[in-house]
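Undergrad: Model the structure of this input:
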Amino acid sequence: HLATSLPLPSERDHLRPRIDLIVFMIDIKSKYSLKNVEASLAYVDASFFLGKVCFVVTGVGRVNACSIETNAICKLGEAYCSPVLFCELELEGIRVATAQRLLRMLQVCAGHVPGVSALSFVSLMRNSDND
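TA: Numbers count the residues shown, from 1 in each chain. This next block holds a predicted model:
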C-alpha cells in the first residue's frame with residue numbers, strides 16, 4: 001500500500017491491514033520530498049522507530065542534480081534510529097538489490113524470519129554500517 005504523506009485517512013481504518021514496515025522515500029533531487037517526509041514523521045507512533053521504519057533515498061547517481069545534502073538525510077536516520085538506503089532507481093542492478101533488501105526487512109518486520117526481531121535486525125544493520 002502506498003501513501004503520498006501521513007496521516008492516513010481514518011475512514012478506511014477498518015479495511016487497512018496491519019502495518020509491518022514504513023518506508024519513507026526521499027528523492028534527493030527534491031527539497032519538497034524531504035520536507036514531506038519530515039512532516040509525515042510526526043504521525044508515526046514512536047514504537048515503529050524500533051526497527052519498523054527505514055528511509056530510501058533515490059536519485060543518488062546524479063550528484064550534480066542533488067537538492068538535499070546526504071548528510072542531512074543521514075542525520076535524519078540517526079535521529080530516528082532507522083536505516084537509510086541509498087539507491088539509483090534507473091540502474092537495474094541497484095534497483096533489484098534495494099528491492100531485495102526491503103523485502104528481507106519486511107519479512108523480518110512481519111515476523112516471518114524465526115529468531116530475528118525487527119529491533120535486533122536493525123541493530124545488526126547499524127553495527128555493520130559503522131564498520
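
Undergrad: burial count for S117?
TA: The number of residues packed near S117 is 14, by other C-beta atoms under 10 Å. Where C-beta positions appear, they are placed from N, C-alpha and C, glycine not excepted.

Undergrad: Name the nearest residue to S117, sequence neighbours excluded.
TA: Residue nearest to S117 in three dimensions, not counting chain neighbours: G51, with 6.9 Å by C-beta to C-beta, 6 or more residues apart in numbering.

Undergrad: helix, strand or coil for the one you found?
TA: Secondary structure assignment for G51 (DSSP: H, G, I helix; E, B strand; the rest coil): coil.

Undergrad: ok, it touching A110?
TA: No. No contact is recorded between G51 and A110 when judged using C-beta atoms under 8 Å, the distance being 11.6 Å.

Undergrad: the more surrounded of the two?
TA: A side-by-side neighbour count of G51 and A110, using other C-beta under 10 Å, places G51 first with 22 against 14.
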